[in-house]
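A.B. asks: Mind folding the following:
(one chain, ligands or ions: 1)
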Amino acid sequence: MASSPKTPQAKSRLVRIGEWFDLRLSFRESILPPIVHEIPRSSGSWWYVFGSATLLCFVMQIVTGTCLALVYVPSADQAWNSLEYLNYQQPLGWFLRALHFWGSNFMVALMTIHLVQVFLFGAFKYPRELTWVVGCVLFLCTIGMAFTGQVMRFDQDAYWGLGIGVSMMGRFPVIGESLVHLVLGGPIIGAETLSRFFALHVFVIPGLLLILIGLHLWLVIKVGINEWPMPGRLVTRERYLDEYHALIEEDGEPFVPQGVRKDLVFAGLVLIALFGAAAIFGPAGPNGPPDPTLIDTVPRPDFYFLWLFAAFALLPPYLETPLILTAPVVLIAAAFLLPFYSNLGEKSWKRRPGAWVLVITVFLMLGTLAYLGLSSPWSPHMDAWSGTPTPVQYVEGRTPLELQGAILLQQKQCRNCHSLGGEGGERGPALDHVAAVQTRDEMIRQVLQGDGNMPAYGKHLKPQEVTALVAFLSTLHPSGEPVQRNSASPARPEESVGRGAAASRQPGAPS
Ligand code: HEC
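C.D. replies: Below you'll find the model as predicted:
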């Protein structure tokens, strides 16, 4: 009863507060016009929702990431424990981790769809070149977030991902080694490494992202949202802007609220899917407790790096360095320069078959590689060391030293890549007959220096451990088959499933 006379008064007080702020901030002049500016009605399409959805994911990542940072300890010996604490003790900690993990997957996926849509709709053409270029930087930053985020887990996956990333950098001539030092804070993955990646993951890259997203949105609003591309409507430098404005005069709608209606609906769907995925599938890892002796035994990166992992494994070794050094540079340059060599003319994907072919080819390639990365026979079996006992016939009648070697083979997780008695990983050759293939010296060299796809264990095994390992390995030969005693013999090709196994087996060749 008392409310009706009060309402106008309350309103006017609200308005007065609004005016107080506006006098000082002049929102009505600065923020309001871009919010209500007119966009072509055709841009209010379902195809145009992926950019805003990517932004939504980013906001979610900031929120969940900040909450995680309240508990997470960015130190090499505590990080893993703090994640376990979040998973099992902090109420809903697991859900927070799951949201952050799935948020990053969603963000990469939606960003990729957004990129493909912009590419197919010719939205990078005149006058939106700069928007595209900034978008490319945003893409790289987001991938950088995904990569540094994986390192935050500081578990086996993190070691593996880092090992690969760093070995790519180390291949640069001249500056390679310094680059590795800069990134890792030393020659190997150590305590300082995590601090560096933490700084990158929570300050440097997000800061860049915030600034660049601001610039990207500013450009989108200033240059105007791309109209729906009509086949035959060519972009020309002289007429495009006039045509665009004519289009808005003819059939425009305000950005807010009409233009963003579908974005809001889609944002709701994305949130539902995100919470659903987090609740159903839970957080990722941390998988193995951090064990710096094993740099690359867990080749299971998050899905967006799977293809890279497979490509590495499949490339012949002599192609690796040249390709790793040139391919990314060429690809990234080609993407950045796209709006400069294809700037005018046809926008519609219906008249740009090359664009379709490119998109389909790229995704087929990435998909195939990712599939190989998931299913290839050389993938290590990650539970081989813990779950699969050494077959009895391999320990019967062994000396104490040899038995110690058998235990080491198990503990150092060699069996994730090497099978014994048909059980264990298939990334390296089965070890059942290894003594018939390699001499003791070769085994020592193999274990200390690694080779091909096998990591070097030199820094992580004590001399007496190597002796024990090799003593045990030397007992592994079929009865009757002679033991190798002298010069190197080539591996039996049918057992060397690892990449370039035979090609890289030269006596004395360091990995
Ligand atoms: C990341 C997977 C991986 C792990 C872990 C691993 N290896 Fe290997 N290993 C390989 C691959 C791949 C090869 C083949 C190397 C090549 O291409 O020359 C190999 C080869 C070997 C060979 C030579 C076998 C032959 O038939 O020629 C020996 C011996 C060996 N590894 C011992 C070990 C020992 C001991 C450990 C544990 C300390 C270990 N490996 C851990 C992947 C692995």
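A.B. asks: C-alpha from now on. contacts and neighbour counts both.
C.D. replies: OK.
A.B. asks: what's the next secondary structure element after the helix or strand of the chain with the lowest mean pLDDT?
C.D. replies: Counting by mean pLDDT, DSSP states H and E, the chain has its least confident helix or strand at helix 384-387, which shows a mean of 55. Counting by DSSP states H and E, the next helix or strand C-terminal to helix 384-387 is helix 400-411.
A.B. asks: the strands in the stretch 301-450 of the chain, which residues?
C.D. replies: 419-420, 423-424 (DSSP state E, counting those that start in this stretch).
A.B. asks: which regions of this structure sit below the pLDDT cut-off?
C.D. replies: Along the chain, segments meeting pLDDT under 70 span 1-10, 160, 288-302, 313-317, 375-387, 452-453, 480-511.
A.B. asks: Which segments of it make up each domain?
C.D. replies: Listed domain ranges for the chain are 33-375, 384-495 (source: automatic domain parsing).
A.B. asks: what would those look like in CSV with mean neighbour count and distance to the ligand?
C.D. replies: Formatted as CSV, the domains of the chain follow (neighbours: other CA atoms under 10 Å; distance: least, CA to the nearest ligand atom, whole Å):
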stretch, mean neighbour count, distance to the ligand
domain 33-375, 18, 4
domain 384-495, 18, 4
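A.B. asks: Adding distance to residue 17, write those out as TSV.
C.D. replies: TSV is the format used below for the domains of the chain (distance: least, CA to CA, whole Å):
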stretch	distance to residue 17
domain 33-375	20
domain 384-495	66
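A.B. asks: thinking again about what came up before, nearest to residue 123 among the strands of the stretch 301-450 of the chain would be which one?
C.D. replies: strand 423-424 (50.6 Å; CA to CA).
A.B. asks: What pairs with the closest one, parallel or antiparallel?
C.D. replies: Strand pairing for strand 423-424, using DSSP bridges, gives strand 419-420 (antiparallel).
A.B. asks: Residues contacting the strand it pairs with, please?
C.D. replies: 390, 391, 425, 426, 429, 430, 431, 432 (CA atoms under 8 Å, 6 or more residues apart in numbering).
A.B. asks: Check whether the third one really touches residue 416, as I assumed.
C.D. replies: Yes. The criterion here is CA atoms under 8 Å, and residue 425 meets it with residue 416 at 4.6 Å.
A.B. asks: Which one of the strands of the stretch 301-450 of the chain lies nearest to residue 277?
C.D. replies: Of all the strands of the stretch 301-450 of the chain, strand 423-424 comes closest under CA to CA, at 31.5 Å.
A.B. asks: Roughly how far does residue 412 sit from residue 404?
C.D. replies: Remark: distance between residue 412 and residue 404 (CA to CA, to the nearest Å) = 12 Å.
A.B. asks: Ok, residue 286 next?
C.D. replies: From residue 286 over to residue 404 (counting by CA to CA), the distance is 29 Å.
A.B. asks: again, but for residue 134
C.D. replies: Note on residue 134: its distance to residue 404, by CA to CA, is 57 Å.
A.B. asks: before we move on, what about residue 117?
C.D. replies: Taken as CA to CA, the span from residue 117 to residue 404 is 59 Å.
A.B. asks: go on, residue 155?
C.D. replies: Counting by CA to CA - residue 155 and residue 404 are separated by 27 Å.
A.B. asks: ranges for the strands of the chain?
C.D. replies: 38-40, 252-254, 419-420, 423-424 (DSSP state E).
A.B. asks: And those: which comes nearest residue 475?
C.D. replies: Nearest of these (CA to CA): strand 419-420, 12.5 Å.
A.B. asks: to the chain's geometric centre, what's the distance from the closest one?
C.D. replies: 31 Å (CA atoms, centre = their mean, to the nearest Å).
A.B. asks: what does stretch 62-73 give?
C.D. replies: Worked out by CA atoms, centre = their mean, stretch 62-73 lies 20 Å from the chain centre.
A.B. asks: what do you get for stretch 431-448?
C.D. replies: Worked out by CA atoms, centre = their mean, stretch 431-448 lies 35 Å from the chain centre.
A.B. asks: CA atoms only for that stretch, dumped as PDB, please.
C.D. replies: What follows is stretch 431-448 as a C-alpha-only set of coordinates in PDB (Å, rounded to 0.1, in the frame of the first residue of the first chain):
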ATOM      1  CA  LEU A 431      62.500 -57.000 -23.600                       C
ATOM      2  CA  ASP A 432      62.000 -60.700 -23.400                       C
ATOM      3  CA  HIS A 433      64.900 -61.400 -25.700                       C
ATOM      4  CA  VAL A 434      66.900 -58.300 -25.200                       C
ATOM      5  CA  ALA A 435      70.100 -60.000 -24.300                       C
ATOM      6  CA  ALA A 436      70.100 -61.700 -27.700                       C
ATOM      7  CA  VAL A 437      69.800 -58.300 -29.300                       C
ATOM      8  CA  GLN A 438      72.100 -56.000 -27.400                       C
ATOM      9  CA  THR A 439      75.400 -56.400 -25.700                       C
ATOM     10  CA  ARG A 440      75.800 -55.200 -22.100                       C
ATOM     11  CA  ASP A 441      77.600 -52.100 -23.300                       C
ATOM     12  CA  GLU A 442      74.800 -51.300 -25.700                       C
ATOM     13  CA  MET A 443      72.300 -51.800 -22.900                       C
ATOM     14  CA  ILE A 444      74.200 -49.500 -20.700                       C
ATOM     15  CA  ARG A 445      74.400 -46.900 -23.400                       C
ATOM     16  CA  GLN A 446      70.700 -47.400 -24.200                       C
ATOM     17  CA  VAL A 447      69.700 -46.800 -20.600                       C
ATOM     18  CA  LEU A 448      72.000 -43.900 -19.900                       C
END
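A.B. asks: Tabulate the strands of the stretch 301-450 of the chain (TSV), appending distance to residue 361.
C.D. replies: As requested, the strands of the stretch 301-450 of the chain are exported to TSV (distance: least, CA to CA, whole Å):
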stretch	distance to residue 361
strand 419-420	36
strand 423-424	35
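A.B. asks: The ones you listed: which one's closest to residue 207?
C.D. replies: Closest among the strands of the stretch 301-450 of the chain, once you apply CA to CA, is strand 423-424, at 44.4 Å.
A.B. asks: list the contacts for the closest residue to residue 351 other than its chain neighbours?
C.D. replies: Nearest non-adjacent residue to residue 351, counting by CA to CA, 6 or more residues apart in numbering: residue 231, 6.3 Å away. Residue 231 makes contacts with 346, 347, 348, 349, 350, 351, as judged by CA under 8 Å, 6+ apart.
A.B. asks: list the contacts for residue 401?
C.D. replies: Here residue 401 is in contact with 468, 471, 472 (CA under 8 Å, 6+ apart).
A.B. asks: Of these, which belong to helices?
C.D. replies: If you go by DSSP state H, those have 468, 471, 472 in helices.
A.B. asks: Of the residues you listed, which is the nearest to residue 310?
C.D. replies: Taking CA to CA as the measure, residue 310 lies nearest residue 472 of the ones in helices among the contacts of residue 401, at 32.1 Å.
A.B. asks: I'd assumed residue 407 was in contact with that closest one.
C.D. replies: No. If you go by CA under 8 Å, residue 472 and residue 407 don't touch, sitting 9.4 Å apart.
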